[in-house]
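# need the 3D shape of this:
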Amino acid sequence: MNCELLATCTALGYLEGDTYHKEADCLESVKDLIRYLRHEDDSRDVRQQLGAGQIVQNDLLPIIIQHGQDKALFDACIRLMVNLTQPAMLCFGKVPDDPVFRHHFLQVTSHLQAYKEAFASEKVFGILSEILYNLLQLDWEQRQEEDNLLIERILLLVRNVLHVPADPCEEKKVDDDASIHDRLLWAIHMSGFDDLVKFLASAQSEQQWSMHVLEIISLMFRDQTPEALVSAGQARSAEEKQRDSQELEALRQKEHAAKRSRTFQRGTRHSRFGGSYVIQGLKSIGDKDVIYHRNIHDFKNYTHDVGKAVRRVPKKNRQAQECKDKRRSALNVRLFLREFCVDFLENCYNRLMYLVKESLIREQTQQHDETYYLWALSFFMAFNRGNGFRADLVSETMSIRAFHFIERNITNYYEMILTDRKEATSWSRRMHLALKAYQELLLTVNEMDRSQDESIRHSSNVIKSNIFYLMEYREIFLTLLRKFDETKQPHSYLKDLVESTHLFLRMLERFCKGRRNLIVQRRRSRGDKKPSAAETSPEALAETWKIVEEELKTAGFQVKSLMESIVPFDATSETPLEEQRTEAMVRVQDSLLARLGPEALGLLRAAREVWPEGDVFGSADVEPEEELELLKQILHATLPRSSPSEPVVEDEDDAELEEEEFESVQVSEREFNFLDFIKKFASPNIMRPYLLLLRSYSKNTPHTNHCIARMLHRVAVDLKMDALLFQLSVFNLFNKILSDPAAAAYKELVTFAKYVLNHFFSLAAQNDKAYVELLFWKNVGAAREMTEGYSKEGLVEGKKPTWTEEEEEELRKLYEEHRHSEVPDIVETLLPLLSNSSRPRRQVVMQLVHMGLVDNSYFVFFYKRKGTQIVLWTEEQEQELEMLYEEYKDSDDVLGNILKKVTAKRSRARVVDKLLSMGLVSERRELYKRRSRSAKGKSAGKGMNEIFLHYDLFFCFSITGLSGPMLWLQNCLNKTAEDRKKDGLSQAVPLVPLTEENEDAMDNKSFRKLLRKLGIRGPANEQEIFWRIPANITPSQLHSAAAALSPREDEPKEDQEEDDSRDPTGESQGNEEKEEEEEEKEKEEKEKEKEVVSGEQRVQALRALLLSRKRKHHTSEHTGMCGSFMFCTLSQMTDISAPVKRRRKMVLIDEEDDED
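A predicted model of the protein is given here:
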């Protein structure tokens, strides 16, 4: 021990017999030890030295027992012991991988186990109980902060001592013998500390200690099972006696079988006269038969693997380790714990679980504290079931909220198993705990069904209706079985999962039997998909229209009830009204394609009320016959639909999975069919976990084997899918069960195995490929093919037809004949030459790729539709490109004319690259479009469209009294742009209105719409109250927006207006040459500044034009025109190509006259 530590420990005092004599500096020495622990290193050297010196056993515990009246000394000793007894896992963070630190970890653990043995004394817990009792007697007004700290430290000390793991090497105790943990529990009981724990759990004034209390209780019952405590002190039931007799009978039969086999193996001759035998038909390493040198009685157990070294299983593929087994404590300890459970359920359970649940929901606890809640729920509810079930004792955790809480934790734990792979074992244990809690909830609901009380049975039906209705609870076991991984989840987890699934299915089946129709919720993916070609063919559309027309005429065109629930547009959506109008038209067409005539008519009339202008959805006084004709036109129209881009050639299954991820989810209701639900279990991914558990049938309980057999029976008999079990490993397992000497104990499994084998051999007599099929796991389609016969030519319903050998040979010959031809599209040449000319282009391309004839299926498949994918240029195509360039090199748009005239359509970038590689042009700039003088005004007007619209909006705002807020907005934009230029950083800047005028403008809908069009976003959530300029807007864009919003009274000169009204891309050829020289010297920032300046100049010219019009027209006329300006500007901002009103057209005509 370190000399300073040794001196400090010596200064505490000394133990003489049973009396401890403390030194004068005892209190200061304890504080010094606390200070030493605070500065220990990563190896926890101070903690190890104090543990080796047995300071807790020889000094600290005698001090608190004999000098407990010294409050300061007692408080300091408790602080020191709380630190010394904290778990080794907390000291090191995790179990160290380094051998040196692993040794330190084990040393600290051994010292903790010695501390635990020292604490197993009634005197220690007697003084702790006395001090804690005195503190709890104080009212909250009299308690000081030091008192609350001491209460918490005593609870933490007891928690730490109970948490210390048992030493398996030292404690080799049998059941019903007292271990150190049992002695510790007995000391807690004899001192009355357990009564204080129950008081803390039930007292309303002590609810702050609820989490500490739950931790102590869970550690007290760490080695116990509810069944063992329920049966403590009671006579064995008839069921237990029967179960024990069955186990003994199975063991007796195995022993007799082993004795009989040994007798047969002994033989009649002496071992020295044993001979050598040749096994006919079994080849050795060479071409000769195997020579067998052992006793002939052992021949049936012969295998080639005899004598071989066992292959080492990689660590990542090893099965997950089981947790330590439970042991039965001494009888007096079990009786005391049983009484504790009874009192706790009656007085504390509901209140304590409510407080802990609230703390977990409000996130007022530490990480992983929910595991204590899950343990308490499963343990005490199981005890309540076994000890004369009373629903009122566990009412707090018997609710839908509890199901939802556990289901959410199971999902979270599974996600963490996948993401946090280093701690996958810990997350798997937590997941197992949550599964046990979920299983106990189901068992309790099942027990409520058997109650004599009508109200309890009604509550059970309400809970079952909810968990069977919602898909999350209904399919949770399907998901867990599919995702089972034996390398991360132990055998006990699989056992509980199989038993829980069996219980859930049994409850669901019983629930469905008493009802004719059960409505459940389902979620289906709803993507924006185009109608299939079969739906949009002329024949199909004609048939659809015939049905819809008859339905509408029968209903008399009456759809008032439907119109009340139909909303053609979403007022809160950011989608513009014009786009929503198109979407409404598509919805009408979709309703017609689905043959929902009344719904389509109702949607049409509702849309007409929203968009009356233009008579797009018909006029207001339209007749029913005219509506019918309009619906027919919509049905046959080709409407624009938003659809995701088609993926490049890839596996269809992957494409479907990716598509499902991006589809929206829609909740609907449907009638539930139990048999259809069972069909979801008919899958190899579900069967494998069951058969994995069946391998240990001899170690399983009879109930576990029954759960396995019942599920296999549902699939093989009820669904007639026994072919799913036609697999070699399954038959090997069945053979092991049938040849087991104790097979009489597994009658259910034996009967089922014989049933499956009989069906297989009956099938093998008809299907000569049945034995080959044994080598593979089969899905439902393959199983049906195996039993009902294989489809001709490999055709499977819903799948693509396969290629026969003759068709493959034909395709290969045709490809070899035409591969060197100069035809641009070889696939189009091959399609009509094939014997099966009905094959689509995609199948031919995929088969070419599959046969290795084509390397790049993307190029072959898509270049017909997309010219951008052609890479190779033929000699004729190069000559054609050179001729086209010579023809159009002096035109204003060289590249545009070439793209129009070229035969093989290619992208602009491909053509430019080819022109550069051929040396026809030296620079890309030579191919830019050149505009003539006469087109400048036209192009300038088109280029200034957006700025014109913003200034038009400003003109209307200035008339309506919002010119002040517009100037404030312009200043904010300019200031933000300057700050971003200066700092080089971009972050969202709030727009804070400091004047009443600006605040009113921020409430104006039109002003807000302008902010959105400028890219300024509104408050993202309830914590934001101001609009903000986003960080992704560049300073140049901010300057342009500010320039478009600021008015100017002075009128620029005509020559400046003429020069600045040009589009920046429409420069003359002389200016282009000048710009080429400048751009080689200048950087990209100067180009952006130049664009901003030219934009400001164009805006100034536009302002002058508008101000001149303002002087010509009367103020009242402008006021009348403001509404049309406003409407036009907003509609054109949304969609410039959208139709406008006649009044707006007249205004534009007047503007053109003014320009003339």
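
# what about the stretch 851-1000 of the chain, any weak spots by pLDDT?
Under the criterion of pLDDT under 70, the regions of the stretch 851-1000 of the chain flagged as low confidence span 855-872, 931-961.

# for it, what spans make up the strands?
Secondary structure of the stretch 851-1000 of the chain (DSSP state E, counting those that start in this stretch): strands located at 989-991.

# now swap in the stretch 651-800 of the chain and tell me
664-672.

# again, but for the chain
Per DSSP state E, the chain has strands spanning 13-16, 19-22, 277-283, 289-292, 518-526, 664-672, 989-991, 1027-1029. These are given in chain order.

# ramachandran coordinates for residue 307?
Backbone dihedrals for residue 307, given as degrees, to the nearest 10, come out at phi 90, psi -10.

# contacts only, for the residue nearest the centre of the chain.
In the chain, the C-alpha nearest the mean C-alpha coordinate belongs to residue 415, at 7.2 Å (CA atoms, centre = their mean). With contact set as CB atoms under 8 Å, 6 or more residues apart in numbering, residue 415 has no partners. The way it works is simple: take the backbone N, C-alpha and C, and place the C-beta from them, glycine included.

# what about it, distance to residue 428?
12 Å (CB to CB, to the nearest Å).

# ok, residue 370 next?
16 Å.

# and what of residue 611?
Residue 611 sits 58 Å away from residue 428, taking CB to CB as the criterion.

# what of residue 29?
Computed as CB to CB, the residue 29 to residue 428 distance reads 46 Å.

# centre of the chain to stretch 284-299, how far?
56 Å (CA atoms, centre = their mean, to the nearest Å).

# end-to-end on it?
Using CA to CA, to the nearest Å, the gap from the first to the last residue of stretch 284-299 comes to 16 Å.

# assess the claim that residue 502 and residue 711 are in contact.
Yes - between residue 502 and residue 711 there is a contact at 6.7 Å, judged by CB atoms under 8 Å.

# any idea which of the strands of the chain is most buried?
Ranked by mean neighbour count, those are led by strand 1027-1029 with a mean of 20 (mean count of other CB atoms under 10 Å).

# circling back to that earlier point, who has more neighbours out of residue 611 and residue 428?
residue 428 (21 against 18; other CB atoms under 10 Å).

# the more buried one reaches residue 420, doesn't it?
No - with contact defined as CB under 8 Å, residue 428 does not reach residue 420; the gap is 10.8 Å.

# any idea how far residue 786 is from residue 775?
Distance check for residue 786 against residue 775: by CB to CB, it reads 12 Å.

# looking at the two, which one has more neighbours?
Taking other CB under 10 Å, residue 786 and residue 775 do not tie; residue 786 has more neighbours (20 against 9).

# and that one, how far from residue 755?
Here residue 786 is placed at a distance of 17 Å from residue 755 (CB to CB).

# and the helices in the stretch 501-650 of the chain, which stretches?
Read by DSSP state H, counting those that start in this stretch, the stretch 501-650 of the chain holds these helices, from start to end of the chain: 538-555, 560-563, 577-593, 597-610, 624-636.

# send the alpha carbons of the longest one over as CSV?
Think helix 538-555. Coordinates of the C-alpha atoms in helix 538-555 are reproduced here as CSV (Å, rounded to 0.1, in the frame of the first residue of the first chain):
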residue,chain,number,x,y,z
PRO,A,538,-58.7,2.1,-75.8
GLU,A,539,-60.6,-1.1,-75.1
ALA,A,540,-60.2,-0.9,-71.4
LEU,A,541,-61.1,2.9,-71.3
ALA,A,542,-64.3,2.1,-73.4
GLU,A,543,-65.3,-0.6,-71.0
THR,A,544,-64.6,1.6,-68.0
TRP,A,545,-66.6,4.5,-69.4
LYS,A,546,-69.5,2.2,-70.1
ILE,A,547,-69.6,1.1,-66.4
VAL,A,548,-69.2,4.6,-65.0
GLU,A,549,-71.8,6.1,-67.3
GLU,A,550,-74.4,3.5,-66.3
GLU,A,551,-73.6,4.0,-62.6
LEU,A,552,-74.0,7.8,-62.9
LYS,A,553,-77.3,7.6,-64.7
THR,A,554,-78.6,5.1,-62.2
ALA,A,555,-77.7,7.4,-59.4
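
# contacting residues around stretch 313-322?
Outside of stretch 313-322, the residues that reach it under the criterion CB under 8 Å, 6+ apart are 425, 428, 486-493.

# can you redo those as a markdown table with pLDDT?
Converted to a markdown table, the contacts of stretch 313-322 look like this (pLDDT from 0 to 100):
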| residue | pLDDT |
| --- | --- |
| 425 | 88 |
| 428 | 92 |
| 486 | 90 |
| 487 | 89 |
| 488 | 89 |
| 489 | 90 |
| 490 | 91 |
| 491 | 92 |
| 492 | 92 |
| 493 | 93 |
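
# so which of the residues you listed are in helices?
Helix and strand membership here follows DSSP state H; of the contacts of stretch 313-322, those in helices are 425, 428, 491-493.

# and which of these is nearest to residue 241?
For residue 241, the closest of those turns out to be residue 492, at 25.5 Å, with distances computed as CB to CB.

# that closest one: neighbour count?
By other CB under 10 Å, 14 other residues sit near residue 492.

# which residues touch it?
For residue 492, the set of contacting residues under the criterion of CB under 8 Å, 6+ apart consists of 322-323, 432.

# by neighbour count, which of those residues wins?
Among those, where neighbours are counted by other CB under 10 Å, the top count belongs to residue 432, at 21 neighbours.

# doesn't residue 493 make contact with it?
Yes - Residue 432 is within contact range of residue 493, at 4.5 Å (criterion: CB under 8 Å).

# count of neighbours near the closest residue in space to residue 612 that isn't next to it in sequence?
Excluding its sequence neighbours, the residue lying closest to residue 612 (CB to CB, 6 or more residues apart in numbering) is residue 620, at 6.4 Å. Number of residues near residue 620 (other CB under 10 Å) recorded here: 8.
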